[in-house]
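1. Sequence unavailable; structure follows:
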């Protein structure tokens with residue numbers, strides 16, 4: 001265990017949890033385990049929800065415990081060493097004005113983070129009068145910025161093709177593939193391409209599972225599993241021809257929802273090592289001290305953020321109320337607007353929310369986020385994302401049932417913010433804001449009168465040369481992300497979209513989500529894998545008797561059928577718990593007050609056998 005003589009925590013981190021004990025849900029990777037901290041998330045009030053989610057986020061910064069399984073943590077010597085080694089290779093790219101490129105690639109949340117980080121570090125280079133060196137790739141293309149595109153994640157061939165396209169003519173490429181669960185075929189295809197052309201590429205895999213927990217199911221239509229690709233990359237680690245950066249940060253607060261802790265850890269890891277690379281580019285040596293100096297700032301961000309827990313809980317409660325009959329609109333300035341869009345988009349796949357329920361808008365629209373494909377507003381009603389689009393298309397229909405959240409810094413155009421707030425207030429009194437200030441800055445009284453509900457973050461001045469400005473920008477983005485993840489997840493928990501700490505109402509739109517649905521079904525009902533898979537298929541196809549044709553379909557075929565269906569998983573859960581036909585289960589789910597209520601009432605049916613997770617002292621192990 002790393003001693004505090006080398007590193008003193010800024011925040012109080014939880015004690016090591018049950019998930020670190022040998023045998024705890026041993027068949028599941030860390031990213032899919034249920035976090036013991038949040039096992040009663042669905043029964044918590046807003047204040048309790050904030051505290052539970054705060055403690056889960058704090059696990060990112062925990063140290064190793066030699067008495068438990070030796071998972072490498074954020075502050076492990078090996079993780080810090082790998083971060084430093086990658087930073088040195090990025091430094092080489094920064095010195096190559098023609099042939100050098102850093103590519104950040106991901107699916108879903110990871111892809112949106114890739115866009116955010118690429119833009120941030122190109123902006124840093126621009127401030128030094130240097131050409132861009134960073135680019136991003138996201139599965140599904142730029143449509144994925146605003147609209148969840150889950151199925152492209154399953155195609156390794158497209159992943160490789162996209163990488164070849166952006167790297168044409170480059171001779172020195174650091175490729176960073178982000179897959180929190182070490183599972184995305186899209187990323188596997190890119191890593192495979194890199195390892196076949198090590199003269200051009202340095203492949204880097206970023207995730208939150210050990211390699212031994214990478215997904216090992218065969219990728220349909222391809223020659224390897226993700227784990228086989230990761231093991232090949234691991235073999236290159238010692239020779240520095242490839243790297244895996246995968247600290248264990250603990251299970252998600254909502255099991256499997258890697259938009260939360262996994263996304264935050266990814267942001268912390270990559271921003272830290274890239275900032276150090278830029279320091280090194282100024283002839284500052286890459287050292288553990290440099291890395292720790294920056295990592296401490298993210299711990300401070302956690303402390304500053306959750307010092308506002310009471311106000312965050314109030315925002316969560318208001319959001320839950322608004323989402324019952326209305327909507328939440330998030331209007332952000334600068335990169336905080338993109339963080340707001342990310343949080344809004346992710347509510348769809350996580351909680352099967354309609355795209356209208358939570359929407360994000362950013363000042364300047366697509367021009368401000370500098371995406372490769374430009375303005376996508378013409379693709380459909382969910383794609384316009386500027387504040388002007390909000391005022392023109394959405395504001396006329398806003399009512400008292402809706403909530404509006406403004407997110408800005410005191411360096412933004414406060415007059416513009418005040419005018420927009422006044423327009424919104426004519427439509428709804430449910431207007432709140434998250435404001436970020438540097439010590440010595442204060443909100444104008446006129447803005448306080450217009451927006452009485454304010455979560456105000458005050459950040460200390462950082463005296464860290466030019467990168468201090470970017471560290472503060474990154475702190476504010478992460479703080480905003482933590483608040484929005486907490487508020488939206490908590491609001492949907494209050495609305496009954498979570499059972500225990502499982503997401504139980506998501507669309508099955510790729511192979512990862514098919515496997516997750518089967519796993520949740522097992523853990524909630526205690527039934528065998530075979531029985532759970534059968535009932536899941538019955539729910540997908542709406543048929544009690546499965547034909548041989550259906551049984552013989554590939555997982556991709558089942559995913560294709562499930563993608564157009566809603567409430568597949570809750571119907572399967574109720575069917576198994578009640579031992580009833582899926583048609584009856586669907587009727588019960590549809591008539592219930594909430595998904596959680598439908599499951600809870602099914603658990604309490606007289607004469608029903610206790611499930612795997614209901615027994616005394618059970619760890620909820622998947623069978």
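-> Structure's in. What do you need? Everything numeric in this text was worked out from a predicted model, so none of it was measured.

2. Give me the distance between the residue most central in space within the chain and residue 33.
-> Among the residues of the chain, the one closest to the centroid is residue 259, at 1.4 Å (CA atoms, centre = their mean). Distance, residue 259 to residue 33, using CB to CB, to the nearest Å: 16 Å. Glycine gets a C-beta too; all of them are placed from N, C-alpha and C.

3. go on, residue 382?
-> Distance of residue 382 to residue 33, given as CB to CB: 33 Å.

4. Give me the more crowded residue out of those two.
-> It is residue 33, of residue 382 and residue 33, that has more neighbours when counted by other CB atoms under 10 Å, with 27 against 18.

5. which one is that one nearest to, not counting chain neighbours?
-> Counting by CB to CB, 6 or more residues apart in numbering, residue 251 is the residue found nearest to residue 33 once chain neighbours are left out, at 4.1 Å.

6. show me the contacts for that neighbour.
-> Neighbour list for residue 251: 19, 30-35 [criterion: CB atoms under 8 Å, 6 or more residues apart in numbering].

7. what about residue 288, how many residues close to it?
-> Counted with other CB under 10 Å, residues neighbouring residue 288 total 15.

8. could you show me where the strands are in the stretch 351-500 of the chain, in order?
-> Assigned by DSSP state E, counting those that start in this stretch, the strands in the stretch 351-500 of the chain fall at 358-362, 403-409, 431-438, 453-459, 498-499.

9. ok, residue 253 - how many residues close by?
-> Here the number of neighbours of residue 253 (other CB under 10 Å) works out to 28.

10. From residue 365, how far out is it?
-> The value you get for residue 253 to residue 365, if CB to CB is used, is 32 Å.

11. before we move on, back to that, which ones among the contacts of residue 251 map onto helices?
-> When DSSP state H defines the helices, the subset of the contacts of residue 251 inside them is empty.

12. Minimum pLDDT in these, which residue is that?
-> Scanning those for pLDDT, the low point is residue 19. It has 90.

13. OK, contacts around that one?
-> Contacts for residue 19 (CB under 8 Å, 6+ apart) come out as 25, 30, 33, 35-36, 250-251.

14. how about 10 Å then?
-> By CB atoms under 10 Å, 6 or more residues apart in numbering, residue 19 lies in contact with 25, 28, 30, 33-37, 59, 68-69, 71, 248, 250-251, 619.

15. With respect to pLDDT, which of the residues you listed ranks lowest?
-> residue 619 (37).

16. Show me how the protein divides into domains.
-> 18-60+297-499, 77-246, 504-604 (the TED database).

17. In the stretch 201-350 of the chain, what residue spans correspond to helices?
-> 226-237, 261-281, 288-306, 309-325, 335-351 (DSSP state H, counting those that start in this stretch).

18. okay if I get the ones you listed as JSON lines plus mean pLDDT?
-> Formatted as JSON lines, these follow (pLDDT from 0 to 100):
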{"stretch": "helix 226-237", "mean pLDDT": "97"}
{"stretch": "helix 261-281", "mean pLDDT": "92"}
{"stretch": "helix 288-306", "mean pLDDT": "94"}
{"stretch": "helix 309-325", "mean pLDDT": "96"}
{"stretch": "helix 335-351", "mean pLDDT": "95"}
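
19. nearest to residue 425, of the ones you listed?
-> With CB to CB as the measure, helix 309-325 is the member of the helices of the stretch 201-350 of the chain nearest residue 425 (14.8 Å).

20. Quick check: the gap between residue 336 and residue 474.
-> In this view, residue 336 and residue 474 are 12 Å apart by CB to CB.

21. same deal with residue 325?
-> Separation of residue 325 from residue 474 (CB to CB): 37 Å.

22. Quick one: distance of stretch 522-536 to the chain centre.
-> On the basis of CA atoms, centre = their mean, to the nearest Å, stretch 522-536 is displaced by 27 Å from the centre of the chain it belongs to.

23. quick check, residue 173 in a helix?
-> No - if the criterion is DSSP: H, G, I helix; E, B strand; the rest coil, then residue 173 is strand and not within a helix.

24. That one bridge partners, please.
-> Bridge pairing for residue 173 (DSSP bridges) gives the partners residue 101, residue 201.

25. Any chance of JSON lines for the strands of the stretch 351-500 of the chain, columns mean pLDDT?
-> Output for the strands of the stretch 351-500 of the chain, formatted as JSON lines (pLDDT from 0 to 100):
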{"stretch": "strand 358-362", "mean pLDDT": "98"}
{"stretch": "strand 403-409", "mean pLDDT": "97"}
{"stretch": "strand 431-438", "mean pLDDT": "96"}
{"stretch": "strand 453-459", "mean pLDDT": "94"}
{"stretch": "strand 498-499", "mean pLDDT": "96"}
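
26. could the ones you listed be laid out in CSV, adding mean neighbour count and distance to residue 596?
-> Below are the strands of the stretch 351-500 of the chain laid out as CSV (neighbours: other CB atoms under 10 Å; distance: least, CB to CB, whole Å):
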stretch, mean neighbour count, distance to residue 596
strand 358-362, 26, 19
strand 403-409, 26, 22
strand 431-438, 22, 26
strand 453-459, 18, 28
strand 498-499, 26, 5
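
27. which one of those lies closest to residue 146?
-> strand 358-362 (8.2 Å).

28. What helices and strands are in contact with the closest one?
-> If contacts are counted by 3 or more CB pairs under 10 Å, 6 or more residues apart in numbering; DSSP states H and E, strand 358-362 sits against helix 143-146, helix 309-325, strand 328-332, helix 335-351, helix 387-389, strand 403-409, helix 467-494.

29. Which among those is found nearest to residue 191?
-> Residue 191 lies closest, by CB to CB, to one member of the helices and strands packed on strand 358-362: helix 143-146, at 19.7 Å.

30. Residue 549: which of the strands of the stretch 351-500 of the chain is closest?
-> strand 498-499 (32.5 Å).

31. helices and strands around that closest one, which ones?
-> helix 467-494, helix 568-578, helix 595-603.

32. Most neighbours among the contacts of residue 19, which one is it?
-> Neighbour counts for the contacts of residue 19, by other CB under 10 Å, peak at residue 251, which reaches 30 neighbours.

33. how close does that residue sit to residue 135?
-> According to CB to CB, residue 251 and residue 135 sit 32 Å apart.

34. just checking, the residue nearest to the centre of the chain touches residue 345?
-> Yes - the criterion here is CB atoms under 10 Å, and residue 259 meets it with residue 345 at 9.3 Å.

35. Tabulate the helices and strands packed on strand 358-362 (JSON lines), appending distance to residue 195.
-> Putting the helices and strands packed on strand 358-362 into JSON lines (distance: least, CB to CB, whole Å) gives the following:
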{"stretch": "helix 143-146", "distance to residue 195": "25"}
{"stretch": "helix 309-325", "distance to residue 195": "44"}
{"stretch": "strand 328-332", "distance to residue 195": "39"}
{"stretch": "helix 335-351", "distance to residue 195": "30"}
{"stretch": "helix 387-389", "distance to residue 195": "43"}
{"stretch": "strand 403-409", "distance to residue 195": "41"}
{"stretch": "helix 467-494", "distance to residue 195": "31"}
